[in-house]
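Asker: Turn this into a structure:
(one chain, ligands or ions: 2)
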Amino acid sequence: MADSEVTIAVMGATGSGKSTFINLVSGANLGVNDGLRSCTVEVQTSGRFSFLGREMNLIDTPGFDDTTRSDMDILKAKADYLSNAYQNQKKLSGIIYMHRISDFRMGGISRRNFNVFRKLCGDGTLKNVLIVTNMWGEVSEEVGSARERELATDDVLFKPILEKGARMFRHDRTLASAHHILAGLINNNPEVLQIQDEIVNQHRGIDQTAAAVELAREVEEEKRKHQEEVERAQREHAAAVAAREEQTRRALEQERARIAEEQARAQAEHERMMARQAEERRQAAQQAWEMQQRLEEEARIARQHDEELRRLQEEAERIARQRDEELRRMQEEAERIAAQQRAEREWQNIELENARRHWEHIEQGARQNWEHVERGARQTWEHVERGAKGCVGQ
Ligand SMILES: Nc1nc2c(ncn2[C@@H]2O[C@H](COP(=O)(O)OP(=O)(O)OP(=O)(O)O)[C@@H](O)[C@H]2O)c(=O)[nH]1
Ligand SMILES: [Mg+2]
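Answerer: Ligands and ions are numbered 1, 2, ... in the order given. As a prediction, the model looks like this:
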């Protein structure tokens, strides 16, 4: 019997743990998200299972995911399933909205899922809605509780639906907590969701449902935000470009100033160098001139020396000649004197010879005279002596 079956839809963002929860509590084996892309892409059910004496059936719904199918296709799949179910007299006893407490913030796709979920349920069914927070193991109790408080009290988060009868439960991934959650829904009066009413009772096309309008608005809002972000990025880019241009202009200006300074410095250096070179050239010219002067002076002195030398040589030669002449003259004189002396000696020898001969002659004459005298004397003496003796004898 359709009426005795408790049907509960599980909704929420992709990867929020819908299939895991259903598998845990029903024993089903639905595919579980590997974290890269959404796993449940079509509406599927757990199959019947018993809980607290009731036949249960859980509906697993795909969440908006941005990766596989368009949001509108996903909404259409859910709307088709739910309107078919309603046409088949199946009303939902509960709607579980899974939310990861580990999510740092509820923005973008999470917010879109929740806003469309709200329009899909409508305010009349909120007392059958259970917001189930899971993945508590991923955060500290303190952080999780703070987030839970924020979710429950923020006007753009769960506060509006909590105020209209929705409830919030924690799920710690145990069967006990899953049972506790189901137990919180099992006795609800099945209600018609707003989207079922719109499609089945009001014969609206899916596009005219509040959920689709909300989705379109969300998408539009997303687009607008995106556009704003693009424009902001463009403005920032333009500002950055302008800033960069300004920076570049300033850098160029600085570079130009630096180059001008460099040039001025180089020019000054060049001028200093030219002046230094001119001074060096002038000094070199001065030194060359002085050197020239010195060389000329030295050449003049050398010439003077040469002249002096030549003069001295000539003088020496003249003196030498004079000396030779003198020597020769003296030699001649000496020779003449020697000749004269020789002649004188010869003359003297002759004189001597003459004197000797004269002496010998004198000596001979003297000797002869002496002998004569002696003989005369002796004769005298003898005469005398005889005379004397004759006297004595007498
Ligand atoms: N830590 C922790 N991980 C969980 C819990 N529930 C689910 N997960 C993990 O979260 C990932 C997503 O789980 P699913 O059950 O596939 O999520 P889903 O909401 O069905 O995802 P879609 O089908 O893509 O929409 C898987 O890796 C699960 O193992 C939970 O309570 N705690
Ligand atoms: Mg799933």
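Asker: what about residue 352, distance to residue 291?
Answerer: Using Cβ to Cβ, to the nearest Å, we find residue 352 at a distance of 83 Å from residue 291. (Each C-beta comes from the backbone N, C-alpha and C, glycine too.)
Asker: wait, is residue 107 part of a helix?
Answerer: No - if the criterion is DSSP: H, G, I helix; E, B strand; the rest coil, then residue 107 is coil and not within a helix.
Asker: Quick one: neighbours of it, just the number.
Answerer: 9 (other Cβ atoms under 10 Å).
Asker: Could you do the one 3 residues further on as well?
Answerer: Neighbours of residue 110 under the rule other Cβ under 10 Å: 20.
Asker: could you pull out the strands for this structure?
Answerer: 5-12, 44-45, 49-51, 54-60, 94-100, 129-134, 167-170 (DSSP state E).
Asker: can you give me the angle the fifth one makes with strand 129-134?
Answerer: Computed with axes from the mean of the first three to the mean of the last three Cα atoms, to 10 degrees, the direction of strand 94-100 lies at 30 degrees from that of strand 129-134.
Asker: For strand 94-100, which strands pair with it and how are they oriented?
Answerer: Strand 94-100 has the following strand partners under DSSP bridges: strand 5-12 (parallel), strand 129-134 (parallel).
Asker: burial measure for residue 40, as a count.
Answerer: Going by other Cβ under 10 Å, the residues that sit close to residue 40 add up to 21.
Asker: That one touches residue 65, doesn't it?
Answerer: No - counting by Cβ atoms under 8 Å, residue 65 is not a contact partner of residue 40; they are 9.6 Å apart.
Asker: hang on, the earlier thing: between the strands of the chain, which gets nearest to ligand 1?
Answerer: Distances from ligand 1 to each of the strands of the chain were compared using Cβ to the nearest ligand atom; the shortest belongs to strand 129-134, at 3.7 Å.
Asker: The closest one vs ligand 2: in contact?
Answerer: No - judged by Cβ under 5 Å from the ion, strand 129-134 makes no contact with ligand 2; its nearest approach is 13.0 Å.
Asker: Could you export the strands of the chain as a markdown table, including mean pLDDT?
Answerer: Listed next are these as a markdown table, based on pLDDT from 0 to 100:
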| stretch | mean pLDDT |
| --- | --- |
| strand 5-12 | 94 |
| strand 44-45 | 94 |
| strand 49-51 | 95 |
| strand 54-60 | 95 |
| strand 94-100 | 96 |
| strand 129-134 | 97 |
| strand 167-170 | 96 |
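Asker: Would you reformat the ones you listed as TSV and include mean neighbour count?
Answerer: Putting those into TSV (neighbours: other Cβ atoms under 10 Å) gives the following:
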stretch	mean neighbour count
strand 5-12	22
strand 44-45	18
strand 49-51	14
strand 54-60	20
strand 94-100	25
strand 129-134	24
strand 167-170	16
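Asker: Tabulate these (TSV), appending distance to residue 281.
Answerer: Putting the strands of the chain into TSV (distance: least, Cβ to Cβ, whole Å) gives the following:
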stretch	distance to residue 281
strand 5-12	94
strand 44-45	102
strand 49-51	111
strand 54-60	100
strand 94-100	89
strand 129-134	94
strand 167-170	98
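Asker: looking at those strands, which is closest to residue 342?
Answerer: strand 94-100 (162.8 Å; Cβ to Cβ).
Asker: Contacts for the closest one, please.
Answerer: Surrounding strand 94-100, the residues in contact under the criterion Cβ atoms under 8 Å, 6 or more residues apart in numbering are 6, 8-13, 15-18, 21, 106, 110, 114, 117, 121, 125, 128-135, 138, 151, 171, 181, 184-186, 188, 193.
Asker: let's see 7 Å
Answerer: Counting by Cβ atoms under 7 Å, 6 or more residues apart in numbering, strand 94-100 makes contact with 8-12, 16-18, 21, 117, 121, 125, 128-135, 181, 185, 188, all of which sit outside it.
Asker: Let's have the strands paired with strand 94-100 in TSV, adding distance to ligand 1.
Answerer: Converted to TSV, those look like this (distance: least, Cβ to the nearest ligand atom, whole Å):
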stretch	distance to ligand 1
strand 5-12	6
strand 129-134	4
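Asker: want to throw the ones you listed into JSON lines with distance to residue 242?
Answerer: As requested, the strands paired with strand 94-100 are arranged in JSON lines below (distance: least, Cβ to Cβ, whole Å):
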{"stretch": "strand 5-12", "distance to residue 242": "45"}
{"stretch": "strand 129-134", "distance to residue 242": "47"}
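Asker: for these, which one sits closest to residue 201?
Answerer: Between residue 201 and these, the shortest separation by Cβ to Cβ is 18.5 Å, and it involves strand 5-12.
Asker: That closest one near ligand 2 at all?
Answerer: No - using Cβ under 5 Å from the ion as the criterion, no contacts between strand 5-12 and ligand 2 are found, and the smallest distance is 8.7 Å.
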